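[1] Quick check, what structure comes out for this input:
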Amino acid sequence: MSKLSRREFVYMTAMLSAAPVFAKSHTKNQHLKSKKVEDYYKLDNFGNVRILHMTDSHAQLTPVYFREPSVNLGFHGNFGKPPHIVGKKLLDHFGIEGNKRLEYAYTCLDFEKHAKVMGKVGGFAQLQTVANYLKDSFGKEKVIFMDGGDTWQGSWTSLQTRGKDMIGALNMLGVDVCTGHWEFTYKDTEVMANLKLLKADFVAQNVKVKSDAFMSGTDIAGQAFSEDTERMFKPYVMRDLNGARVAVIGQAFPYSTIANPQYNMPDWTFSIDPENMQKIVDEVRVKEKPDAVIVISHNGFDVDQKMAEVCTGIDFIMGGHTHDGVPEAVPVKNKAGTTYVTNAGSNGKFLNVLDLKVEKGKVKDFKFTLLPIFSDLIPEDPKMKGYIEEVRKPYLSQINRVIATTDVSLYRRGNFNGSWDQIICDALIDVKGADVSLSPGFRWGTSLLPGQAITFDDLATQTAMTYPETYARDMKGSDIHMILEDVADNLFNPDPFYQQGGDMVRTGGISYTIDPRQVIGKRITNIRLTKTGKPMDPNKMYKVAGWSTVGSKSEGEPVWETCETYLKNMKHITKIKLDTPDMIGVKGNPGILL
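    Just a heads-up that it's a prediction; the model follows:
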């Protein structure tokens, strides 16, 4: 860790060490109502520019439980480096062992115990309070607030309003600059309509309009930022912050038309585009003469680190997509100096605070702090709270509907499987009468504690998306093997530019062995049917059920209906057996709890 980053991390650790850890549920501690945000979120002012950054909230307007992964493996150049460190090893790496608040924020250790004691995290009414305080205490005229995307999707209300509920929340929050990913899973016309309502600048240097769309004069092409460069959106914006000039360049998710349906955005192309990123940085440096160049990115952490290696002239990459709460600004060396890379987690659980001392076209010094948003410590902003209640009001009868109850923790995040994912996989097999089920390795989705009721609202945090249709079709064993190999290569390819940032496809009805260190075609072996224990025959046909097809829509019911049918029949979840693979070559890897 860099000296500067370590300094600020220790400061934040000491600050939140003062926060009480209660022996009873936080809801019973009435004296908390008298607490003020500055009691636990006061940062000493530093420098002359403050950047606030959040990302991947996935439309979670209210506080949530969110379990951090127990498996986040890193190999090759990322072995043993953040974010590929979990559990006690993460605590040791950052020197925070014994701090219960930060153990709860950054790891899955004692998740159920900590959650029962410290309560939920995030919530836009809490974020509003913290953001307002950090702006006011520093000086609003010197602050930029950025949102890294994956904001309009992930809840029932966001799906029903086509993201407009989150546009209102971002406007109220006072966000200045945004980029995107799951935003593009709505129709392109819906995206553009929402952006007209958004008060923030939307920037993305790597989203272009196809040439034939310009030639045919489509409505979307007519709304492009520049026909000459074929860019759909502004590549960057300049901000004058009380005399300090800051450039913010946008980098949207580069694989949107591969990972998500292109039929929603037929005129657009997406790419990593490091060459054009370098051109934009050089242009900005010469033309605008900024004091700092910031990239707001939705690449994913490992991709951002490679971008920092191959592109020069960027001071900080404020990243998202991989949902990694990284408590430091990671320094990356390139041929011209150092670029720092950050990531702000997900679900409104964290807020990045980057304070810069800039002068004469350079960043002279900085302080970086990743603030966990502990809902029990922060008074709700009344205006944002009222807005959230109004947004949710038309849908309360749907989202508050109790479907089942659970005796086990339900969570999603992790490289290979989670209990929420297993419910989806089991539901697909049970309802569809399938031999095998496949479910995408999405990283969005909140957690539930044992003893909680499972509401439709909870189910929607795992399934609410624009292409939820299920399928049941016959596949050869060799095709199932190929799917597993393809997704594993996306996750473990040694070149970060070939990683798309999700987790391994979730499976039901089968077990397998994986060696992540191998090359594509050799990572997956020993696929067996869990019901019989027999090896999968590569030439035999199996009935496979799944959902979320990218190429074209399936004809089955939405996956939330499949899961609700299954859960209503189950009534109460007493145990879940995860279909996790046997792993080779992970012993001693700090990215897994063994």
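[2] can I assume Lys364 sits in a helix?
    No - Lys364: not assigned to a helix; according to DSSP: H, G, I helix; E, B strand; the rest coil it is strand.
[3] so it makes contact with Ala292?
    No - using Cβ atoms under 8 Å, Lys364 is not in contact with Ala292, being 10.1 Å away. For every residue, glycine as well, the C-beta is placed using N, CA and C.
[4] what residues are shared contacts of these two?
    Common contact partners of Lys364 and Ala292 (Cβ atoms under 8 Å, 6 or more residues apart in numbering): Val358.
[5] So these two - more neighbours on which side?
    Ala292 (24 against 12; other Cβ atoms under 10 Å).
[6] quick one: that one and Leu428, what's the gap?
    48 Å (Cβ to Cβ, to the nearest Å).
[7] Kindly report the same for Met192.
    35 Å.
[8] These two: which is more packed in?
    Leu428 (30 against 16).
[9] What are the neighbouring residues in contact with that one?
    434, 437, 439, 470, 508, 545-547, 559, 562.
[10] need the helices for the stretch 101-250 of the chain, in chain order.
    For the stretch 101-250 of the chain, applying DSSP state H, counting those that start in this stretch gives helices covering 111-118, 124-138, 156-160, 164-173, 188-197, 211-216.
[11] Go through those and name the closest to Thr342.
    Of all the helices of the stretch 101-250 of the chain, helix 124-138 sits nearest to Thr342, with 16.0 Å by Cβ to Cβ.
[12] Quick one: residues in contact with the closest one.
    Contacts of helix 124-138 (Cβ under 8 Å, 6+ apart): 37-38, 41-43, 45, 50, 52, 54, 57, 61-63, 143, 145, 169, 172-174, 348, 351, 353, 355, 371, 373, 375, 378-385, 388.
[13] Let me see the mean pLDDT of stretch 570-581.
    Averaging pLDDT along stretch 570-581 gives 93.
[14] what does stretch 416-423 give?
    Per-residue scores along stretch 416-423 average to 95.
[15] Tell me if Pro82 really is in a helix.
    No - according to three-state DSSP, Pro82 belongs to no helix; its state is coil.
[16] could you list every residue that touches it?
    So Pro82 contacts 90, 93, 324, 326-328, 330 (Cβ under 8 Å, 6+ apart).
[17] try 6 Å
    For Pro82, the contact set (Cβ atoms under 6 Å, 6 or more residues apart in numbering) comprises Val326.
[18] one step back: I'd like to know which of the contacts of helix 124-138 are part of strands.
    Residues of these located in strands (DSSP state E): 50, 52, 54, 143, 145, 351, 353, 355, 371.
[19] Which single one of those residues is nearest to Leu102?
    Closest to Leu102, out of all of the ones in strands among the contacts of helix 124-138 and judged by Cβ to Cβ, is Leu371, at 11.0 Å.
[20] all strands of the stretch 451-594 of the chain, in order?
    453-455, 470-476, 506-508, 510-514, 524-529, 541-547, 572-573, 582-583 (DSSP state E, counting those that start in this stretch).
[21] Averaged pLDDT, the first one. What do you get?
    Model confidence over strand 453-455 averages 98 on the pLDDT scale.
[22] Stretch 517-531 spans what distance, first to last residue?
    Stretch 517-531 has an end-to-end distance of 29 Å (Cα to Cα, to the nearest Å).
[23] Okay, and the beta partners of Ile454?
    Ala404 (DSSP bridges).
[24] and it, what is it in contact with?
    403-404, 406.
[25] Relative to Cys311, which of these is nearest.
    Nearest to Cys311 among these, with distances taken as Cβ to Cβ, is Thr406, at 46.0 Å.
[26] give me the number of residues near the nearest residue to that closest one once chain neighbours are set aside?
    Nearest non-adjacent residue to Thr406, counting by Cβ to Cβ, 6 or more residues apart in numbering: Ile573, 4.1 Å away. When neighbours are defined as other Cβ under 10 Å, Ile573 has 18 of them.
[27] Which two of the ones in strands among the contacts of helix 124-138 have the greatest separation?
    Met54 and Asp355 (16.2 Å).
[28] and the two? which has more neighbours close in?
    The residue with more neighbours, out of Met54 and Asp355, is Met54; 28 against 23, by other Cβ under 10 Å.
[29] any idea how far Ala464 is from the more buried one?
    Taking Cβ to Cβ, one finds Met54 at 20 Å from Ala464.
[30] just Val431 next, same as before
    From Val431 across to Ala464, the span is 19 Å (Cβ to Cβ).
[31] ok, these two, which is more surrounded?
    The neighbour count for Val431 versus Ala464, taken as other Cβ under 10 Å, is higher for Ala464 (25 against 22).
[32] Could I get the contacting residues of that one?
    155-156, 159.
[33] Counting neighbours, which of those comes out on top?
    Neighbour counts for the contacts of Ala464, by other Cβ under 10 Å, peak at Ser155, which reaches 27 neighbours.
[34] Tell me the backbone dihedrals of that one, please.
    When read as degrees, to the nearest 10, the backbone of Ser155 gives phi -140, psi 170.
[35] these two touch, right, it and Ala59?
    Yes - taking contacts as Cβ atoms under 6 Å, Ser155 lies within contact range of Ala59: 3.9 Å.
[36] Domains in this protein, by residue range?
    Residue ranges for the domains of the chain, per automatic domain parsing: 3-389, 402-583.
[37] what stretches of the stretch 51-200 of the chain score poorly on pLDDT?
    Along the stretch 51-200 of the chain, no part satisfies pLDDT under 70.
[38] returning to that earlier point: from the contacts of Ile454, list the buried ones, please.
    403-404, 406 (16 or more other Cβ atoms under 10 Å).
[39] ok, those residues vs Gly122, which is closest?
    Among the buried ones among the contacts of Ile454, and counting by Cβ to Cβ, the member closest to Gly122 is Thr406, at 21.0 Å.
[40] Can you give me the pLDDT of that closest one?
    pLDDT, Thr406: 97.
[41] any idea how far Leu127 is from Phe66?
    Taking Cβ to Cβ, one finds Phe66 at 14 Å from Leu127.
[42] To clarify, my last question referred to Ile96.
    Distance from Ile96 to Leu127, counting by Cβ to Cβ: 23 Å.
[43] more neighbours, these two?
    Here Ile96 and Leu127 are compared on neighbour count by other Cβ under 10 Å; more neighbours surround Leu127, at 27 against 23.
[44] quick one: that one from Leu52, how far?
    From Leu127 to Leu52 the distance is 10 Å (Cβ to Cβ).
[45] top of the ones in strands among the contacts of helix 124-138 by neighbour count?
    Highest neighbour count within the ones in strands among the contacts of helix 124-138: Met54, with 28 neighbours (other Cβ under 10 Å).
[46] Dig out what that one forms beta bridges with.
    Beta-bridge partners of Met54, counted by DSSP bridges, are Asp147.
[47] same question, the one 10 residues further on
    On the basis of DSSP bridges, Val64 is bridged to Val121.
[48] Now do the same contact list for Ser158.
    Here Ser158 is in contact with 59, 152, 165-166 (Cβ under 6 Å, 6+ apart).
[49] Give me the three-state assignment for the nearest residue to it once chain neighbours are set aside.
    Nearest non-adjacent residue to Ser158, counting by Cβ to Cβ, 6+ apart: Ala59, 3.7 Å away. The local conformation at Ala59, judged by three-state DSSP, is coil.
[50] For the remainder of this discussion, apply numbering that starts at 10.
    Let's use 10 as the start, then, which means that last one is Ala68.
[51] check contacts around Ala68.
    162-164, 167, 175.
[52] The residue nearest to Thr415 touches Ser418, doesn't it?
    No - using Cβ under 6 Å, Ile582 is not in contact with Ser418, being 10.2 Å away.
[53] Which strand residues bridge Arg482?
    If you apply DSSP bridges, the partners that Arg482 bridges to are Val553.
[54] Any figure for the gap between it and Asp588?
    20 Å.
[55] quick one, which of the two is more surrounded?
    Asp588 (21 against 14).
[56] Could you check how far that one is from Gly163?
    With Cβ to Cβ as the criterion, Asp588 and Gly163 are 24 Å apart.
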